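Visitor: Provided below are the primary sequence and the corresponding predicted coordinates.
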Amino acid sequence: DGGITQSPKYLFRKEGQNVTLSCEQNLNHDAMYWYRQDPGQGLRLIYYSQIVNDFQKGDIAEGYSVSREKKESFPLTVTSAQKNPTAFYLCASKQGNTGELFFGEGSRLTVL
Amino acid sequence: AQSVSQHNHHVILSEAASLELGCNYSYGGTVNLFWYVQYPGQHLQLLLKYFSGDPLVKGIKGFEAEFIKSKFSFNLRKPSVQWSDTAEYFCAVNYMDSNYQLIWGAGTKLIIKP
């Protein structure tokens, strides 16, 4: 089945540690996105990539980094510089400019 | 700045009640409009979308939405809700002159009492 796979589903991290969230898609979509979802705030865009080897900062990129070495993969690193990293992270992909977004099941990160 | 406003953060209804969730956006240019739904424990999925044509669009599970350009609104409706409609609903707007990035509303948590 085509879709987006995020891992891990749950992750605990100590303060000061970097952590990388995986996102893989087999939909052959060009564009991929990382969102952060916090209660009452909707989805906020962290980073997006419209093509391999290129990515752009979203609205809340500080403290995060990404790479897009392969079309299928768009990992997100939450660095120790992110001041409030505990959140639910969603990866999505899209084909074309106006197509619908397809989402993964999300990764819930808790910083202890 | 472009923004999307969902009027109610929490809505509680009894089964068979009618539903209307409000969504307004701030910009008057060309837009594509979406409603996404997140059922408990599941991933976000598309409920319905409007690109052009008939402003009344039908989605999955009996939902519909009406695009009223003069009011910058795209309200979601369902005549008779079911317990299984309990979910969080997000309105999103794709501004065509903003690099096609989606702007999201804050979401509305809908609870249906059996």
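Guide: Thanks, I have it.

Visitor: residues touching the residue nearest to A:Gly58 when sequence neighbours are not counted, list them.
Guide: The shortest distance from A:Gly58 to any non-neighbouring residue, by C-beta to C-beta, 6 or more residues apart in numbering or on different chains, is to A:Leu45 (3.1 Å). C-beta: built from backbone N, CA, C; applies to glycine. By C-beta atoms under 8 Å, 6 or more residues apart in numbering or on different chains, the contact list for A:Leu45 reads A:Tyr33, A:Trp34, A:Tyr35, A:Gly58, A:Asp59, A:Ile60, B:Gln101, B:Leu102.

Visitor: Buried ones among the residues you listed?
Guide: A:Tyr33, A:Trp34, A:Tyr35, A:Gly58, B:Gln101, B:Leu102 (16 or more other C-beta atoms under 10 Å in any protein chain shown).

Visitor: quick one: which of these is nearest to B:Gln2?
Guide: For these, the minimum distance to B:Gln2 (C-beta to C-beta) is 9.0 Å, reached by B:Gln101.

Visitor: Okay, and the residue nearest to the closest one when sequence neighbours are not counted sits in which element?
Guide: Counting by C-beta to C-beta, 6+ apart, B:Gln101 lies nearest to A:Leu45, which is 6.7 Å off, once chain neighbours are set aside. Per DSSP states H and E, A:Leu45 falls inside strand A:42-51.

Visitor: Mind listing the strands that strand pairs with, and their directions?
Guide: strand A:31-38 (antiparallel), strand A:54-57 (antiparallel) (DSSP bridges).

Visitor: Can you list the neighbours in contact with the shortest one?
Guide: Under the criterion C-beta under 8 Å, 6+ apart, residues A:Tyr47, A:Tyr48, A:Ser49, A:Gln50, A:Val66, A:Ser67, A:Arg68, A:Phe74 lie in contact with strand A:54-57.

Visitor: What about these, which one has the most neighbours?
Guide: The most neighbours of any of those, using other C-beta atoms under 10 Å in any protein chain shown, belong to A:Phe74, which has 28 neighbours.

Visitor: Now do the contacts for that residue.
Guide: A:Cys23, A:Gln25, A:Met32, A:Trp34, A:Ser49, A:Phe55, A:Val66, A:Ser67, A:Arg68, A:Cys91, A:Ser93.

Visitor: The closest residue to it other than its chain neighbours: how many residues sit nearby?
Guide: In space, and not counting its chain neighbours, A:Phe74 is closest to A:Met32: 4.0 Å by C-beta to C-beta, 6+ apart. Per other C-beta under 10 Å, the neighbour tally for A:Met32 reads 29.

Visitor: so what pLDDT did A:Met32 get?
Guide: Note on A:Met32: pLDDT of 95.

Visitor: right, and it touches A:Ala92 too?
Guide: Yes - in this structure, A:Met32 is within contact of A:Ala92 by C-beta atoms under 8 Å, at 7.1 Å.

Visitor: Which positions in chain B make contact with chain A?
Guide: By C-beta under 8 Å from any C-beta of the partner chain, the residues of chain B that approach chain A are B:4, B:9, B:32, B:34, B:36, B:42-46, B:49, B:51, B:90, B:92, B:94, B:96, B:100-102, B:104-107.

Visitor: Drop anything exposed from these.
Guide: In the residues of chain B next to chain A, burial by neighbour count holds for B:4, B:32, B:34, B:36, B:43-44, B:46, B:49, B:90, B:92, B:94, B:100-102, B:104-107, counting by 16+ other C-beta under 10 Å.

Visitor: Which one of the contacts of A:Phe74 is nearest to chain B?
Guide: Closest approach between the contacts of A:Phe74 and chain B, by C-beta to the nearest C-beta: A:Cys91, at 9.8 Å.
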